[in-house]
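Trainee: the sequence and its predicted three-dimensional model are supplied below.
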Amino acid sequence: EVQLVESGGGLVQAGGSLRLACATSGFTFDNYVIGWFRQAPGKEREGVSCISNSDRTTYYADSVKGRFTISSDNAKNTVYLQMNSLKPEDAAVYYCAADRRAYLCGNAMDHWGKGTLVTVSS
């Protein structure tokens with residue numbers, strides 16, 4: 001059974017940092033694309049960043065480029081999202097997702113976690 005468990009969310013002041021973790025199990029980690037998405041109240045879910053574990057290709061939404069960094073630890077089957085210089089508009093529930101289709105990074109990904117809440121105070 002595929003499982004994705006997010007952690008690391010919390011309350012942070014604007015300008016601060018958080019590191020989210022997505023612990024995975026139940027599939028061959030090296031063959032999958034893992035992504036981070038977020039959904040703020042009243043807004044649609046949007047893609048934040050993805051990484052292809054096969055070749056480490058990464059994608060970032062324009063809104064987070066230069067502030068967020070995605071990384072993957074194959075030994076721990078875990079993907080991280082380092083978030084720096086956080087802004088109030090980054091506040092949302094953050095979800096991780098996984099899919100074995102190469103370079104797929106979007107809402108069509110097959111497997112999803114339950115999310116972790118990030119709150120940014122101004």
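Mentor: Okay, I see it.
Trainee: got the CA positions of whichever strand or helix holds residue 79 in CSV?
Mentor: Here residue 79 sits within strand 78-83, counting by DSSP states H and E. Output of strand 78-83 as CSV, limited to C-alpha atoms (Å, rounded to 0.1, in the frame of the first residue of the first chain):
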residue,chain,number,x,y,z
THR,A,78,11.7,10.9,2.1
VAL,A,79,11.3,14.2,0.1
TYR,A,80,11.9,17.5,1.8
LEU,A,81,10.7,21.0,1.0
GLN,A,82,12.9,23.7,2.6
MET,A,83,10.9,26.9,2.7
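Trainee: pull out the buried positions in the helix or strand hosting residue 36.
Mentor: Using DSSP H and E, residue 36 sits in strand 33-39. For strand 33-39, the neighbour count (16 or more other C-beta atoms under 10 Å) marks 33-38 as buried. Using the backbone N, CA and C atoms, a C-beta is placed for each residue, glycine as well.
Trainee: show me what it is in contact with.
Mentor: If you take C-beta atoms under 8 Å, 6 or more residues apart in numbering as the criterion, strand 33-39 is touched by 20, 22, 24, 45-53, 59, 70, 72, 79, 81, 90, 92-107, 109, 115, 118.
Trainee: walk me through which strands it pairs with, and which way each runs.
Mentor: Within its sheet, strand 33-39 is paired with strand 46-52 (antiparallel), strand 92-99 (antiparallel), according to DSSP bridges.
Trainee: which of the ones you listed sits most buried?
Mentor: strand 92-99 (a mean of 23; mean count of other C-beta atoms under 10 Å).
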